[in-house]
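In: quick one, what's the 3D model for this:
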Amino acid sequence: MNKLLALSTVVLAVGFAHGAHADCGTVTVANMNWQSGELLAHVDKFILEQGFGCQVEFVPGDTVPTITSMVEKGQPDIAGESWVDLVPEIVKRGVDERRIVNIGPALSDGGIQGWYIPKFIVDAHPDIRTVDDAFARPELFPAPENAARGAVFNGPQGSGGSVVSAQLFKAYGGEAKGFDLVDPGTQAGLDGAMAKAYERKEGWMGYYWSPTALLGKYEMVRLDAGVAHDAAEWKRCNTVADCPDPKKNEWPKDNVVTLVSQRLVDSGNAGVIDYLRKRSWDNQTVSAVMSWMTDTQASGEDGAAHFFKEHPDLWKSWLGADVADKIAAAL
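Out: Residues are numbered from 1 along each chain as shown. This is a model prediction of the structure:
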């Protein structure tokens, strides 16, 4: 009887230990309503379900409502691609009140904005590295309505990028240096202008950001501002449309992190938390997958499958060998 009881105890203990690893319970994940956020949500879903035995439930996601809900209601458990600089006060309150945890960067490069030119222009003119360098060569970036002048394409109407670009255009003296600031109207107009110029191997300069599908398709180089970022000046004038005296300034990088609920951190799922801490990818990788998704009209789920196939070294670096084997087997 004693031997039987001892054996039962061992079996029960092993069973509990196995169950604790294999079943992490239900985890809610924000499925963000932009392409890179949707892609990351599906990557997380597959790994959490196939690698850790979680039951993942998607909830619709967007930056402000998702982070606010996490702070006020404790749901969802994971916001994979959180642009926290958009809501710094809400994030700080959530962290201070131990409702959310900033688990680490989702984008290792951060969110990047700025003025871009085609790589083939840089290859032909390696001396062009800064905005001032480009402004010295208006003939390389002909305006669509007047080839005798250069052009800088602004961001879409109503966007924060359009305000900053207009202010920087003034700060660098673009008009006096032979350039026009071109309003593309919509996002589609901006995308179309870049794509048309690139396909024709014509010079182009304008506002864009990363990660994006278009920068995954076309090799573009971001121009250096030639000065360091001045946060006070950025707030005072670069982001204020009617400020009369903007100064040259470098675009700041946006912090893009993964936020998790305190409940998930306290749940004992150490493997899940360790995965989320390690799970970070660079903008070039994300942009390349997004470009494939756009070209093939693929969903976030399809994009995740493409990522797993094309970048095994990256996703395996996020996981222990046993979990990585489970993911490989499930694929």
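In: from the chain's centre, how far out does the helix or strand harbouring Asp274 sit?
Out: Secondary structure from DSSP states H and E places Asp274 in helix 270-278. In this view, helix 270-278 has its centroid 19 Å away from the chain centroid, taken as C-alpha atoms, centre = their mean, to the nearest Å.
In: for it, name the packing helices and strands.
Out: Secondary-structure packing of helix 270-278 (3 or more C-beta pairs under 8 Å, 6 or more residues apart in numbering; DSSP states H and E): helix 35-52, strand 100-105, strand 256-261, helix 262-266. (C-beta placed from N, C-alpha, C; glycine too.)
In: list the contacts of that helix.
Out: 21, 24, 27, 44, 47-48, 51-52, 54, 78, 103-104, 258, 260, 264-265, 317-320, 323 (C-beta atoms under 8 Å, 6 or more residues apart in numbering).
In: can you flag the buried ones in those residues?
Out: Among the contacts of helix 270-278, those classed as buried by 16 or more other C-beta atoms under 10 Å are 24, 27, 44, 47-48, 51-52, 54, 78, 103, 258, 260, 264-265, 318-319, 323.
In: Leu223 reaches Asp132, doesn't it?
Out: No - assessed by C-beta atoms under 8 Å, Leu223 is found out of contact with Asp132, at 9.1 Å.
In: neighbour count for those two, which is higher?
Out: Taking neighbours as other C-beta atoms under 10 Å, Leu223 and Asp132 compare with Leu223 leading, 21 against 17.
In: so who does that one touch?
Out: Leu223 touches Gly114, Trp115, Tyr116, Ile117, Ile128, Arg129, Thr130, Val131, Asp133, Ala134, Met205, counting by C-beta under 8 Å, 6+ apart.
In: sorry, back to before: okay, the very next helix or strand once past the helix holding Asp274 in CSV with CA atoms only?
Out: Following helix 270-278 in sequence order, the next helix or strand is helix 283-296 (DSSP H and E). Extracted in CSV, the C-alpha atoms of helix 283-296 (Å, rounded to 0.1, in the frame of the first residue of the first chain):
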residue,chain,number,x,y,z
ASN,A,283,11.8,46.9,-39.0
GLN,A,284,13.4,45.4,-42.1
THR,A,285,12.1,42.0,-41.3
VAL,A,286,8.6,43.3,-40.5
SER,A,287,8.5,45.5,-43.6
ALA,A,288,9.5,42.5,-45.8
VAL,A,289,6.8,40.3,-44.5
MET,A,290,4.2,43.1,-44.8
SER,A,291,5.3,43.7,-48.4
TRP,A,292,4.7,40.0,-49.1
MET,A,293,1.3,40.3,-47.4
THR,A,294,0.3,43.3,-49.5
ASP,A,295,1.5,41.8,-52.8
THR,A,296,-0.4,38.5,-52.1
